[in-house]
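Asks: I would like the atomic coordinates for the input below:
(one chain, ligands or ions: 1)
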Amino acid sequence: MAEQNKKIILTGDRPTGRLHLGHYVGSLKRRVELQNSGEYDEINIMIADDQALTDNADNPQKIRDNIIEVALDYLSVGIDPSKSTIFLQSGVPALHALTFYYMNLVTTARLSRNPTVKSEIQMRGFDNEGLPAGFFTYPVSQAADITAFKATTVPAGEDQEPMLEQTREIVRKFNSTYGDVLVEPKILLPEAKAQLRLPGIDGKAKMSKSLGNCIYLSDDPETVKKQVMSMYTDPTHVNVADPGHVEGNMVFTYLDAFSRDEQFAEYLPDYSCLDEMKEHYAKGGLGDVKCKKFLIKVLEEMLTPIREERHNWEQRIPEVYEILREGTLKAAEKANETLEQVRTEMRIDYFKDGSIVKDWEEKFNN
Ligand code: TRP
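Replies: Residues are numbered from 1 along each chain as shown. I've put the predicted structure just below:
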C-alpha cells in the first residue's frame, strides 16, 4: 500500500500509575476494538516515560516503577502485541531530535495559550518561576510522537484536542517551510458522550490518582467492593423511601457507562433495563445498597477476565520485557526514517551524501 494512504494510529499514556476505569472507558476499550477491527494498517501504543518526566523530574523512580505496570494493564485488557506495537518513548531517540526542530516552529505565546497545559500548570501548582521548560513545551514533543509515526489517527480524550491542534499547526508549518513529508493527524474521540470522562467515585470531575478516587483495573474484588460501597450517591436520599437523584449520582453514572440491559435479567430481575431502575430510584423506594450491589456485579463481570489475564502475564515478566524491547526497536526504526526525511527536507542531512562538499568544490573550482 502507498505510504500516504495508510491508516496509522499513535496513542499512549504517561506511566505514572496503574490504569483505572477512567482509562478503560476513555481509551483502552476503544483501542482494543480498533485493534481488532482490522481497519488500521498500523497501531502504535506508547508508554510516554519521557513525557512523564516533564512533571516528575524529582521522581524518576516513580516512572520506572510504572512502566511494567502499564504494560501489564495494556496486555490484560487485550492489547495484542502481534497486532499493536507497544513501545517505550525513551527508547526512541529520534523523537527528541524531532522535538528540537519543531520547537523552532512554535512560539512561546502559542504554547502559553494551550488550555490543557494551562489547566495542568494550575493543577500542579507551578508558578511562572517554577514551571519546567520541558513541561511547558511537552505539546511539541507530543507533536513529535505523533508525526514520527505519520499517524493519521490519535484515539484520545477531548482534553488532548489542543495537542492535536498544535500538532497540525506544526505539520502545516513544517510542510510549507521545508517540504511535504509530515501528516496531519485527527483525533478520534470516545464514542459515547457519557463515557468521555468518567468522574471519580467521590463525584469529582475526573477519576485521578492524585484525588484518590479511582477504581483500578488491577484492584482485587474486595477493594472494588469497598470503593463502590463508599461511592458518592445522593446526599438528599436519606431513607430508602425518599425520592432520589440520578443526575450526579456516581452509581448511576457508572451504570450508564458499564451496564448492559441483559445484565438485569441475570443480577437484578426486578427491572428490565437501567431506565426502569432509574425511574424507581427517582420516585423513591430503591435503596443505595441495592444499586451498589448491582454495580459491583456489573464491574466484576468486566474486571474478572482482565484480572485473570493480568495474573497470567505477571507470571511472565521476561516475556513482557521482550515485548517492550521488540516494540521499541520497531518504533525506533520507523521514527528514524521520519527523522531522516525531515532532515533531508531541511537540508541538514550533511553526512548523508556529502553534497555539502560538492557545493564548496563548485564554489572554488569555478
Ligand atoms: N499526553 C498523554 C497522557 O498524558 C500521553 C501521550 C504522549 C500521548 N504522547 C502522546 C497521547 C501522543 C497521544 C498521542 O497520557
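
Asks: so which bits of this protein are right by the ligand?
Replies: Proximity of the chain to the ligand is confined to 10-14, 46, 48, 51, 142, 145-146, 154, 156, 160 under the rule C-beta under 6 Å from any ligand atom. All C-beta atoms are positioned from the backbone trio N, CA, C, and that covers glycine.

Asks: let's go with 8 Å and repeat that
Replies: Proximity of the chain to the ligand is confined to 10-14, 46, 48, 51, 89, 138, 141-142, 145-146, 151, 154, 156, 160, 163 under the rule C-beta under 8 Å from any ligand atom.

Asks: return the subset of these lying in helices.
Replies: Counting by DSSP state H, the part of the residues of the chain next to the ligand found in helices is Gln51, Tyr138, Ser141, Gln142, Asp145, Ile146, Met163.

Asks: could you dump those residues to a markdown table with pLDDT and neighbour count?
Replies: Output for those, formatted as a markdown table (pLDDT from 0 to 100; neighbours: other C-beta atoms under 10 Å):
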| residue | pLDDT | neighbour count |
| --- | --- | --- |
| Gln51 | 97 | 25 |
| Tyr138 | 96 | 27 |
| Ser141 | 98 | 23 |
| Gln142 | 98 | 24 |
| Asp145 | 98 | 28 |
| Ile146 | 98 | 30 |
| Met163 | 96 | 24 |
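
Asks: shouldn't Ile187 be within a helix?
Replies: No - if the criterion is DSSP: H, G, I helix; E, B strand; the rest coil, then Ile187 is strand and not within a helix.

Asks: list the contacts for it?
Replies: Residues near Ile187 by C-beta atoms under 8 Å, 6 or more residues apart in numbering: Val154, Pro155, Ala156, Gln160, Glu161, Leu164.

Asks: which of those sit farthest apart?
Replies: Largest separation among the contacts of Ile187 by C-beta to C-beta: Pro155 and Glu161, giving 12.2 Å.

Asks: these two: who's more crowded?
Replies: Pro155 (23 against 15; other C-beta atoms under 10 Å).

Asks: measure how buried the closest residue to the more buried one other than its chain neighbours is and give me the count.
Replies: Excluding the flanking residues, the one nearest Pro155 by C-beta to C-beta, 6 or more residues apart in numbering is Leu188, at 4.3 Å. Counted with other C-beta under 10 Å, residues neighbouring Leu188 total 18.

Asks: gap between Leu188 and Ser27?
Replies: Applying C-beta to C-beta, to the nearest Å, the value for Leu188 to Ser27 is 10 Å.

Asks: kindly report the same for Asn36.
Replies: Distance of Asn36 to Ser27, given as C-beta to C-beta: 15 Å.

Asks: higher neighbour count, those two?
Replies: Counted by other C-beta under 10 Å, Asn36 and Ser27 do not tie: Ser27 has more neighbours, with 21 against 12.

Asks: could you point out the helix or strand that follows the least confident helix or strand in the chain by mean pLDDT?
Replies: Within the chain, no helix or strand scores below helix 115-124, which has a mean of 87 by mean pLDDT, DSSP states H and E. Per DSSP states H and E, the first helix or strand lying C-terminal to helix 115-124 is helix 133-136.

Asks: thinking again about what came up before, closest to Asn66 among the ones in helices among the residues of the chain next to the ligand?
Replies: With C-beta to C-beta as the yardstick, the closest approach to Asn66 among those comes from Gln51, at 12.7 Å.

Asks: was I right to think the closest one contacts Tyr138?
Replies: Yes - using C-beta atoms under 8 Å, Gln51 is in contact with Tyr138, at 5.7 Å.

Asks: mind listing what Leu72 touches?
Replies: Ser218, Arg310, Trp313, Glu314, Val320 are the contacts of Leu72 under C-beta under 8 Å, 6+ apart.

Asks: number of residues surrounding the last one?
Replies: The burial metric for Val320, expressed as a neighbour count using other C-beta under 10 Å, is 19.

Asks: so is it in a helix, a strand, or just coil?
Replies: Assignment for Val320 (three-state DSSP): helix.

Asks: so who does it touch?
Replies: Val320 makes contact with Ile68, Ala71, Leu72, Leu75, Trp313 under the criterion C-beta under 8 Å, 6+ apart.

Asks: same deal with the first one?
Replies: With contacts defined as C-beta under 8 Å, 6+ apart, the neighbours of Ser218 are Arg18, Leu72, Asp73, Ser76, Arg307, Arg310.

Asks: likewise for the second one?
Replies: If a contact means C-beta under 8 Å, 6+ apart, then Arg310 has Leu72, Asp73, Leu75, Ser76, Leu217, Ser218 as its contacts.

Asks: where's it relative to Asn175, distance?
Replies: Taken as C-beta to C-beta, the span from Arg310 to Asn175 is 43 Å.

Asks: hang on, the earlier thing: ok, so of the ones in helices among the residues of the chain next to the ligand, who is nearest Arg110?
Replies: Nearest to Arg110 out of these is Met163 (C-beta to C-beta; 12.6 Å).

Asks: shaky segments in the protein?
Replies: Scanning the chain for pLDDT under 70 picks out the ranges 1-4, 192-196.

Asks: all the strands of it, residue numbers only.
Replies: Secondary structure of the chain (DSSP state E): strands at 8-13, 42-47, 85-88, 153-155, 186-188.
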